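Q: Next input, structure requested:
(one chain, ligands or ions: 1)
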Amino acid sequence: MTSPRVLVVDDEADLRELLEITLLKMGLDVDSTETLQHARQLFAEKDYQLVLTDMRLPDGLGLELVRDVSASGKNIPIAVVTAFGSAENAVVALKAGAFDYVSKPVQLDQLRVLVQSALRVSDSAPAAAPARGQQPSRLRGNSAAIQSLRAQIARLARSMAPIAINGESGSGKELAAREIHAQSSRADKPFIAVNCGAIPEALMEAEFFGYRKGAFTGAADERDGFFQAANGGTLMLDEVADLPLAMQVKLLRAIQERRVRKIGATAEEPVDVRIISATHKNLEKLVEAGQFRQDLFYRLNVIELRLAPLRERLDDLEELTDAILARLGSFEHKAVLGPGVLDVLKSYPFPGNVRELENILERALAFSNDGVISAEDLALKGGAMPVPAPAAAPGFPPVQAAPVAPEVQAVEPAPVASAEAAEPEAPAMPPLPVLDILPSNLPAYLEAVEREIITRALGQTNYNRTQAAQLLGISFRQLRYQMQKLNIQDPA
Ligand SMILES: Nc1ncnc2c1ncn2[C@@H]1O[C@H](COP(=O)(O)OP(=O)(O)OP(=O)(O)O)[C@@H](O)[C@H]1O
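A: Presented below is the predicted three-dimensional model:
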């Protein structure tokens, strides 16, 4: 069996030699050259599994080779070596189709990780075909928007470039991120989704980077953070716009250096993580307003992926509805839409997108006769639903913090005790109650207030959690945490 062959293009003799020796020690065959022209010739003549090129070459730019290799249709990963501190070059190369980059001075551990994951990419099937052993796609729909999304996902799965997914709440951003991970050479490593908007600011550094035993009061054991938990795999930064500025600086550093330091540790540890970020907000506007760091935005936004809202792809509604009903119904009790109900759904704007469709169908099924859903069962405009009485005051249940284990696939941090802050443009606050007697147990009292407010919002929206979250100016996930924490259940 022949070894994989790598083409190294660099005119700096020392660096070229270092790259060659490292690759040879990894058991690879290496061809090397100093010029762009010779590199093009070699690439045309021979089969390579990886091309590694410097950005500045005597007769041109490594970027030109990136474009040639990407356009060749051979599906060969090409990585670039960028000058120290040249974030622009790295981003430009990734945008042009580079698989990944290493910065000078080249850290050999990072180079080896890059080479190994690049070789896994060239090993796997071409872009359109699913990787070995991969689960079938959960992404339903056949509209032009979804078809183009599938094609983009297949292409993006083959690189390390950071991806920024933008789309309304519930439009499938996390699902798309999971698909990219599942189709990538990282599929057998963890996919960790972190909701940046739900982590208390004081815990952020510990949650992202981990801590050593005794680093602070309560740090009874050493613990990994999200970066270490996602090592080798993909880290999804959901609701990335909600990251506080101080954390943005630390995150940028971790992404640039590909190293993290646990709180209380002296040494940094390398991490190999692909970053996918997602938001329903306009990050560019937040950058202009000084609420999001430009440098982090630039790093995260290398490739943009936009998810169309459901109302812009109503062609998908039937397939989505069928898939959701098949999941909700059982073998004996099939769930179906009654006559004309699909048209009623098509006239609804779905502000909460596919997630709202799921919620609507789930509720409608509970109200339906024998699993046949009528237009009334959909209760699209909201109808009166009895508001469940708030839980009795005595004996407030203790709040359980969810432990974060490395094998956890979607990490949702422990719920925060107070109601999360609403968007800056949230409507005016109702006046605060004037209390005659001060509560003797403030946390328990606040919990009772929170339970009362959330239960009222859910009652007003017929327990449609998407709409209740909107009413309260919090995200769907934040509402879900609070409901779990306060043990509020849908009476249906
Ligand atoms: N094209 C699709 N096919 C099948 N299911 C979908 C599709 N798009 C979204 N969903 C489903 O809709 C629900 C919401 O999707 P997801 O959590 O990915 O949305 P999101 O945009 O990340 O939401 P949020 O902004 O609230 O984080 C999930 O249950 C997901 O599986």
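
Q: Show me where the stretch 301-450 of the chain has its helices.
A: Here the stretch 301-450 of the chain has its helices, by DSSP state H, counting those that start in this stretch, at 317-328, 341-346, 353-367, 375-378, 442-460.

Q: Could you say which one of those helices comes nearest to Leu52?
A: Between Leu52 and these, the shortest gap by C-beta to C-beta is with helix 353-367, which sits at 41.1 Å. From N, CA and C alone the C-beta is placed, and that goes for glycine too.

Q: which residues sit against that closest one?
A: Residues outside helix 353-367 that contact it (C-beta atoms under 8 Å, 6 or more residues apart in numbering): 167-172, 309-310, 317, 320-321, 324-325, 328-329, 335, 345, 350, 352, 371, 373, 376-380, 462-467, 476, 492.

Q: is that helix up against the ligand anywhere?
A: Yes. Judged by C-beta under 6 Å from any ligand atom, helix 353-367 comes into contact with the ligand at 354-355, 358.

Q: give me the low-pLDDT residue ranges for the chain?
A: Applying pLDDT under 70 to the chain flags the ranges 1, 84-85, 122-136, 331-332, 381-428.

Q: neighbours around the closest residue to the ligand within the chain, how many?
A: For the chain and the ligand, the shortest gap (C-beta to the nearest ligand atom) falls at Gly172, measuring 2.8 Å. Gly172 has 25 neighbours, counted by other C-beta atoms under 10 Å.

Q: One more: Gln110?
A: Gln110 has 18 nearby residues by other C-beta under 10 Å.

Q: quick one on the thing from earlier: identify the residues contacting the residue of the chain closest to the ligand.
A: Going by C-beta under 8 Å, 6+ apart, the list of residues near Gly172 reads 139, 307, 353-354.

Q: Drop anything exposed from the contacts of helix 353-367.
A: Listed as buried from the contacts of helix 353-367 are 167-172, 309-310, 317, 320-321, 324-325, 328, 335, 345, 350, 352, 373, 377-380, 462-467, 476; burial here means 16 or more other C-beta atoms under 10 Å.

Q: Domain parsing of the protein, as residue ranges.
A: Annotated domains of the chain cover 5-123, 144-306, 311-378, 416-486 [automatic domain parsing].

Q: Show me which residues of the stretch 1-150 of the chain sit near the ligand.
A: Residues of the stretch 1-150 of the chain lying close to the ligand by C-beta under 6 Å from any ligand atom are 138-141.

Q: For the residue of the chain most remote from its centre, give its distance to Gln294.
A: Taking C-alpha atoms, centre = their mean, the residue of the chain most remote from its mean C-alpha position is Asp436, at 46.7 Å. Separation of Asp436 from Gln294 (C-beta to C-beta, to the nearest Å) stands at 51 Å.

Q: ranges for the strands of the stretch 1-150 of the chain?
A: 5-9, 29-33, 50-54, 56-57, 60-61, 78-82, 100-103 (DSSP state E, counting those that start in this stretch).

Q: And those strands: which comes nearest Leu486?
A: Of all those, strand 100-103 sits nearest to Leu486, with 44.3 Å by C-beta to C-beta.

Q: Tell me which other helices or strands the closest one touches.
A: Applying 3 or more C-beta pairs under 8 Å, 6 or more residues apart in numbering; DSSP states H and E, one finds that strand 100-103 contacts strand 78-82, helix 87-95, helix 108-123.

Q: What about the contacts of helix 353-367, which are in strands?
A: Ile373 (DSSP state E).

Q: Remind me what the helix or strand harbouring Leu237 packs against, helices and strands.
A: In the assignment (DSSP states H and E), Leu237 maps to strand 234-238. Strand 234-238 sits against helix 173-183, strand 191-195, strand 274-279, with contacts defined as 3+ C-beta pairs under 8 Å, 6+ apart.

Q: which of the ones you listed is buried the deepest?
A: strand 274-279 (a mean of 26; mean count of other C-beta atoms under 10 Å).

Q: Parallel or antiparallel, list what pairs with that strand.
A: Strand 274-279 has the following strand partners under DSSP bridges: strand 163-166 (parallel), strand 234-238 (parallel).

Q: can I get the CA coordinates of that strand in CSV?
A: Coordinates of the C-alpha atoms in strand 274-279 are reproduced here as CSV (Å, rounded to 0.1, in the frame of the first residue of the first chain):
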residue,chain,number,x,y,z
ARG,A,274,-14.1,23.5,14.6
ILE,A,275,-16.2,26.5,15.4
ILE,A,276,-19.7,27.1,14.2
SER,A,277,-21.6,30.1,15.5
ALA,A,278,-25.2,30.9,15.2
THR,A,279,-27.4,33.9,15.9
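
Q: Adding neighbour count, write the residues of helix 353-367 next to the ligand out as a markdown table.
A: Output for the residues of helix 353-367 next to the ligand, formatted as a markdown table (neighbours: other C-beta atoms under 10 Å):
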| residue | neighbour count |
| --- | --- |
| Val354 | 22 |
| Arg355 | 21 |
| Glu358 | 19 |
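
Q: For Val66, which residues are in contact?
A: Going by C-beta under 8 Å, 6+ apart, the list of residues near Val66 reads 53, 78, 80, 93, 96-98.

Q: buried residues in the strand holding Leu237?
A: When burial is assessed from 16+ other C-beta under 10 Å, strand 234-238 yields the following buried residues: 234-238.

Q: Lys25: which of the residues you listed is nearest?
A: Using C-beta to C-beta, Thr234 comes nearest to Lys25 of these, at 28.4 Å.

Q: So which residue is smack in the middle of the protein?
A: Mean-position check on the chain, C-alpha atoms, centre = their mean. Result Met236 at 2.8 Å.

Q: Confirm for me that that residue is in contact with Val194.
A: Yes. Assessed by C-beta atoms under 8 Å, Met236 is found in contact with Val194 at 6.7 Å.

Q: follow-up on the earlier one: can you put the helices and strands packed on strand 234-238 in a markdown table and add distance to Arg259?
A: A markdown table is the format used below for the helices and strands packed on strand 234-238 (distance: least, C-beta to C-beta, whole Å):
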| stretch | distance to Arg259 |
| --- | --- |
| helix 173-183 | 22 |
| strand 191-195 | 18 |
| strand 274-279 | 14 |
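
Q: Out of those, which is closest to Gly290?
A: Here strand 274-279 is closest among those (C-beta to C-beta), at 16.7 Å.

Q: what angle do the closest one and helix 108-123 make?
A: Per axes from the mean of the first three to the mean of the last three C-alpha atoms, to 10 degrees, the angle that strand 274-279 makes with helix 108-123 is 80 degrees.

Q: contact partners of strand 274-279?
A: 160, 162-167, 173-174, 177, 180-181, 184, 186, 233-241, 255, 300-301.

Q: Which residue, other than its chain neighbours, is closest to Lys250?
A: Excluding the flanking residues, the one nearest Lys250 by C-beta to C-beta, 6 or more residues apart in numbering is Glu205, at 6.4 Å.

Q: Using the three-state scheme, assign that neighbour.
A: Secondary structure, DSSP: H, G, I helix; E, B strand; the rest coil: Glu205 is helix.

Q: Tell me if I'm right that it and Ile263 touch.
A: Yes. When contacts are counted by C-beta under 8 Å, Glu205 is listed as touching Ile263 (6.0 Å).
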